[in-house]
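Engineer: Give me a 3D structure for the following:
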Amino acid sequence: MIRTNLSKTWFASSRLIRIAASPILIPARMIISGTFMYPFMGIYYFFTHPILWAYLFTIFLPQIVLTMVVFFFMYLFFYPISAAFAFLFNGPTGLFTAWIALLQQSTVIAGILGDMFLLPTPMKMLFDSIMSREGLDDIVVAGKQRRPTPVPPPQTRVKVLLKHLPLTLVFPTWLVRLTVTVLLHFIPIIGPFVAILVNAPRRGRNAHARYFELKMMPKADVEQFTRVRRGQYLGFGMVAGALESIPFLGLLFAFTNCTGGALWAVAIERRMRDTARPSLNNARARAQQMMIG
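Structural biologist: Residues are numbered from 1 along each chain as shown. Sure, this is the predicted structure:
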């Protein structure tokens, strides 16, 4: 009984220590891991493998049209207000700074909408292609050949739809995220940096969404996997978000960031296999000895 209480106390104390040290440990892990370099590695890999450009070209024209539509409505409804406030505080130069700020805001909005409606399929195809090119085709094939879940009857599907539809309408998380991101970009100078920092963890985790899907990892395992790598995902997400916020180049960097995320997943998978190989060899040796004996 005493040993059990001591173990519980030790577990609670260690958890509190980890939480208190998070502001130091997470940035330290971000720097030591070097995952912030993967977006740049993705740029090099993408440009040195022209066969991957086809995935960008398939979505290039629709994304350009979407971006132009967003630009038009943003300048139509928001530029007069932004220019008036900027002129009031900065004089004539405020007209130019307001134009630049709205250009970046429009780029961010177009990127978010593109991520939601246009990019998922090409990004998955790009991720799978890189995994296969790097010798991990077994994961891609296994992930694509997994057994499909049985189709529920119509009554069950209607119940599920009615269960989730009110929550989606009352609290649309994507709309909240979009609104917060846009409002942050209205804050001069520091606003865009804060928006990148706020969205960095989610952006980093999304870089491995396809990897988790191919590995068929349960939600609990995904949460555990990402929790112990918060600093790594933060570093990747910060650099990836900064690149995708560059006007007119956000779409290109979205594909290079996906490439970087795939290269990172390849490195993780190879490290896991190298770690598991000695144990597997030992198990085989013991099995052979038992057969001989």
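
Engineer: residues in contact with the residue nearest to the spatial centre of the chain?
Structural biologist: Taking C-alpha atoms, centre = their mean as the criterion, Asn206 is the residue nearest the geometric centre of the chain, at 2.5 Å. Contact analysis of Asn206 by C-beta atoms under 8 Å, 6 or more residues apart in numbering lists nothing. C-beta here means a position set from N, CA and C on the backbone, and glycine is covered the same way.

Engineer: quick one: pLDDT of it?
Structural biologist: Model confidence at Asn206, expressed as pLDDT, equals 94.

Engineer: Could you do the one 10 residues further on as well?
Structural biologist: Note on Met216: pLDDT of 92.

Engineer: Tell me how many other residues crowd it.
Structural biologist: 12 (other C-beta atoms under 10 Å).

Engineer: Okay, and Phe212 sits in which element?
Structural biologist: Assessed by DSSP states H and E, Phe212 sits inside helix 209-215.

Engineer: To clarify, my last question referred to Leu252.
Structural biologist: Element membership of Leu252 [criterion: DSSP H and E] is helix 250-292.

Engineer: Could I have the CA atoms of the helix holding Phe212 written out in PDB?
Structural biologist: In PDB, the C-alpha atoms belonging to helix 209-215 read as follows (Å, rounded to 0.1, in the frame of the first residue of the first chain):
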ATOM      1  CA  ALA A 209      -1.500  13.200 -41.100                       C
ATOM      2  CA  ARG A 210      -1.000  11.000 -44.200                       C
ATOM      3  CA  TYR A 211       1.800   9.000 -42.400                       C
ATOM      4  CA  PHE A 212      -0.600   8.200 -39.500                       C
ATOM      5  CA  GLU A 213      -3.300   7.300 -42.000                       C
ATOM      6  CA  LEU A 214      -1.000   4.900 -43.900                       C
ATOM      7  CA  LYS A 215       0.200   3.300 -40.700                       C
END
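
Engineer: moving C-terminal of it, what's the next helix or strand?
Structural biologist: helix 219-227.

Engineer: which residues are in contact with stretch 251-264?
Structural biologist: Contacts to stretch 251-264, defined as C-beta under 8 Å, 6+ apart, come from residues 35, 38-43, 45-47, 52, 55-56, 59-60, 63-64, 67, 111, 114-115, 119, 122-123, 126-127, 130-131, 134, 207-208, 210-211, 236, 240, 243-244, 246.

Engineer: ranges for the helices of the chain?
Structural biologist: Counting by DSSP state H, the chain has helices at residues 2-33, 38-47, 53-77, 79-90, 93-117, 120-133, 137-144, 154-170, 173-185, 190-206, 209-215, 219-227, 230-244, 250-292.

Engineer: who's in contact with stretch 108-125?
Structural biologist: Stretch 108-125 is contacted by residues 55-56, 58-59, 62-63, 66-67, 70-71, 74, 174, 177-178, 181-182, 185, 195, 210, 244-245, 250-251, 254-255, 258 when judged by C-beta under 8 Å, 6+ apart.

Engineer: I figured Gly237 hits Ala195, correct?
Structural biologist: No: the criterion here is C-beta atoms under 8 Å, and Gly237 misses it with Ala195 at 11.7 Å.
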